[in-house]
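A.B. asks: Here is the input, now give the coordinates:
(chains A and B)
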Amino acid sequence: MRQVTAVGIRHPGATRQRNRRYMLWSFLLLIALTLVLPLVPYAVAYLQTQAQNSSAVPNPGTELWNTIRQRDQAVIGKTQASQVGAGTLINKRGEEWRRFRMEKLVPYSAILLGGVLGLILLFYLIRGSMRLPGGRSGKRILRFSLNERSVHWFAAILFWILALTGLITLYGRFVLIPLLGAEGFSLTASVSLMIHNFLGPLFLLAIIALFFTFVKNNFFACIDWQWLAKAGGLLKQHASAGRFNAGEKIWFWLAVILGLTLCISGLILDFPNLGQSRVVMSWSHVVHGISAITMIAVSFGHIYLGTAGMEGSLESMTTGYVDANWAKAHHDLWYEEVQNNSESETTEPLTPAPETK
Amino acid sequence: MARMKFFCDVERCIECNGCVTACKNANERPWGVSRRRVVTIKDGEPGERSLSVACMHCTDAPCAAVCPVDVFYTRDDGVVLHDKERCIGCGYCLFACPFGAPQFPQQGAFGRRGKMDKCTFCAGGPVADNSEKEFELYGANRLAQGKLPLCAEMCSTKALLAGDASVISNIFRKRVFNRGASVFTTGVSHQNAALRAVPRKPGGRASTKD
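C.D. replies: Residues are numbered from 1 along each chain as shown, chains lettered A, B, ... in the order given. Take a look at the predicted model:
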């Protein structure tokens, strides 16, 4: 070859041949580069992923189970089964709900309810029942109309039926099974669950009626802050209030808001045939449990002040009438208002009031 | 003591739903109650796999933990059963179960839940073995007859295995060994694989009696 080239230098034909060869190689190089260069980014990307993967050996089994266990994102599979949520292989919310119910709701609610009852008892032992200052005057004032009393007792009785049946479901396993035995408690729980589920929707009516009956006197006013600052006269100082004091107003709004929350979450739990998923139902149960326990705890305070805690309170919800001295002591602004309005309609001397309306 | 377990081999399950049919046939559950179901993930995509799932008979069963009437019990062989006669149909076991195993027949008004029904590992319930009452409430009691659950017995590819955990894990260990470690060495990812991983040099037997 070398000889041929050496010869080619001398002859013009050989130069042409060499040029042609250069041309050919240039073309081949050009084609090769055209083909290869665009692949460079791919190669870089490939090498990068190789570098990343070299640290962790990909294990298809691990990946598959990560997918199934919903580690990174919710994965819904396809299935022939028609139940709601059948496509979910592992529902990891289940364990969270179990922990909430068994490790938080059951012990903490027991502590809260027991604590509130204990505090009320302690308060009663220290302070005793709040007597009417100056005894009874004998003069009675209409505080709640028959309509208002009906709505109150409808909501109150329904609330306690639902609260008791709910508490049986919550604590029965720990409290009632040792007392009634497994068979006996099963019957109790079955009946109480049915009562709870069937009467539950009625509570929505009770809350709506309660709202429209009492809302007009329950808007917060400036006087309520002063009442709260004096702790509502619990510490033996006088706190003036209108028809409802700030404590009653707070209870009213709590009852309405918690009541509606209970109704909505309860209705979600009550109708499993509407196609809601079990995750939605378990979250509803969380909301239902927390709001129910709060409402029961606050209702203890309301019941205490309405009965044993304060002389002359209960008769306002049973007969509808209160003693004038009671009104003066606890709702002085309302008393003045009533006095100024009409003497004949709302007040009645001495004789017990007949059930009017 | 044997510890009863289900195991579904995802590399073998072909989503034929034979186990679902077998379960229905063995236990004669009411309409709307399906103790076992087959779920396919990534259906029609690379890495598609199917799994047959029912009650997994958990050691620390969430259903048993949350049940307000405490009807669940675990047998000595690890099978989780429940006393249907005491069940109140509250649905808490369904909220807590990770696998969606508890089933509720609709009973009466407003979609009210009836008594919960779930896979019994073909072991009946807390009444006399193979009595008429047991079959009506809980379905078959094949374990008492010395047989394994029908779903696994009838699985066409033997993907679904049921029985003593040590025996099952042994079978699966042999399968993995025979498939070779190709999936580990070639880095075939289940997310990317269009086909199931095949060993480059098939060394082991493709299938065995197991």
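A.B. asks: Can you read off the pLDDT for residue 114?
C.D. replies: Using chain A here. A:Gly114 carries a pLDDT score of 96 in this model.
A.B. asks: not what I meant, chain B
C.D. replies: Note for B:Gly114: predicted pLDDT of 89.
A.B. asks: same deal with the one 10 residues further on?
C.D. replies: At B:Gly124, the pLDDT value in this model is 91.
A.B. asks: so what's it up against?
C.D. replies: If you count contacts by Cβ atoms under 8 Å, 6 or more residues apart in numbering or on different chains, B:Gly124 has them with B:81, B:130, B:134-135, B:138-141, B:143-144. Glycine gets a C-beta too; all of them are placed from N, C-alpha and C.
A.B. asks: Identify, from those, the entry nearest to A:Ser82.
C.D. replies: Among the contacts of B:Gly124, B:Gly139 lies closest to A:Ser82 (Cβ to Cβ), at 19.6 Å.
A.B. asks: tell me the least confident of the contacts of B:Gly124?
C.D. replies: Checked by pLDDT, the contacts of B:Gly124 have B:Asn130 as the lowest-scoring entry (90).
A.B. asks: Give me the neighbour count for that one.
C.D. replies: 13 (other Cβ atoms under 10 Å in any protein chain shown).
A.B. asks: Nearest residue to it in space, please, no chain neighbours.
C.D. replies: Nearest residue to B:Asn130, sequence neighbours excluded (Cβ to Cβ, 6 or more residues apart in numbering or on different chains): B:Asn141, at 5.2 Å.
A.B. asks: how many other residues sit next to the closest residue to A:Ser240 other than its chain neighbours?
C.D. replies: Sequence neighbours aside, A:Asp332 is the residue nearest to A:Ser240 in space, at 4.8 Å (criterion: Cβ to Cβ, 6+ apart). A total of 15 residues lie near A:Asp332 under the criterion other Cβ under 10 Å.
A.B. asks: gap between A:Asp332 and A:Ala324?
C.D. replies: Computed as Cβ to Cβ, to the nearest Å, the A:Asp332 to A:Ala324 distance reads 11 Å.
A.B. asks: so the residue nearest to B:Asn130 makes contact with B:Phe121?
C.D. replies: No: using Cβ atoms under 8 Å as the test, B:Asn141 is too far from B:Phe121 to be in contact (9.9 Å).
A.B. asks: The two: which is more packed in?
C.D. replies: B:Phe121 (28 against 22).
A.B. asks: For the more buried one, give me the pLDDT.
C.D. replies: B:Phe121 carries a pLDDT value of 95.
A.B. asks: which parts of the stretch 251-357 of chain A sit against chain B?
C.D. replies: A:269-274, A:278, A:281-282, A:285 (Cβ under 8 Å from any Cβ of the partner chain).
A.B. asks: Find the residue closest to whichever residue of chain B sits closest to chain A in space, skipping its chain neighbours.
C.D. replies: In chain B, the residue that lies nearest chain A is B:Gly111 (2.4 Å; Cβ to the nearest Cβ). Counting by Cβ to Cβ, 6+ apart, B:Gly111 lies nearest to A:Asn273, which is 2.4 Å off, once chain neighbours are set aside.
A.B. asks: ranges for the helices of chain A?
C.D. replies: Along chain A, the segments classed as helices by DSSP state H run A:2-10, A:12-36, A:40-55, A:60-68, A:93-99, A:106-127, A:146-214, A:222-229, A:246-270, A:278-306, A:314-318, A:324-330, A:332-341, A:343-346.
A.B. asks: State the mean pLDDT of the third one.
C.D. replies: Going back to what we said before, that points to helix A:40-55. 76.
A.B. asks: Show me where chain B has its helices.
C.D. replies: Counting by DSSP H, the helices of chain B are B:18-27, B:62-66, B:92-96, B:132-138, B:150-153, B:165-179, B:182-185.
A.B. asks: So for A:His196, which of these sits nearest?
C.D. replies: helix B:92-96 (13.4 Å).
A.B. asks: residues in contact with the closest one?
C.D. replies: Identification of contacts with helix B:92-96 by Cβ under 8 Å, 6+ apart yields A:94-95, A:97-98, A:101, A:278, A:281-282, A:285, B:62-63, B:65-68, B:72, B:100, B:102, B:104, B:116, B:118.
A.B. asks: mind running it again at 7 Å?
C.D. replies: Applying Cβ atoms under 7 Å, 6 or more residues apart in numbering or on different chains, the contact partners of helix B:92-96 are A:94, A:97-98, A:278, A:281-282, A:285, B:62-63, B:65-68, B:102, B:116.
A.B. asks: Looking at these, spot the one nearest A:Lys230.
C.D. replies: A:His285 (39.9 Å).
A.B. asks: returning to what we had before: give me the number of residues near the residue nearest to B:Gly111?
C.D. replies: Counted with other Cβ under 10 Å, the neighbours of A:Asn273 add up to 14.
A.B. asks: wait, it sits on B:Gln107?
C.D. replies: No: applying Cβ atoms under 7 Å, one finds A:Asn273 not in contact with B:Gln107, separated by 10.8 Å.
A.B. asks: now the residue of the stretch 101-250 of chain A found nearest chain B, nearest residue through space, not along the chain?
C.D. replies: Taking Cβ to the nearest Cβ as the measure, the stretch 101-250 of chain A has A:Ser186 as its residue closest to chain B, at 3.8 Å. Nearest non-adjacent residue to A:Ser186, counting by Cβ to Cβ, 6+ apart: B:Arg86, 3.8 Å away.
A.B. asks: separation between that neighbour and A:Thr79?
C.D. replies: As judged by Cβ to Cβ, B:Arg86 and A:Thr79 stand 31 Å apart.
A.B. asks: More neighbours: these two, which one.
C.D. replies: For B:Arg86 versus A:Thr79, neighbours defined as other Cβ under 10 Å are more numerous around A:Thr79 (24 against 19).
A.B. asks: close enough to count as contact, A:Ile76 and A:Thr88?
C.D. replies: Yes: if you go by Cβ under 7 Å, A:Ile76 and A:Thr88 touch, sitting 6.1 Å apart.
A.B. asks: Looking at these two, which one has more neighbours?
C.D. replies: The neighbour count for A:Ile76 versus A:Thr88, taken as other Cβ under 10 Å, is higher for A:Thr88 (24 against 13).
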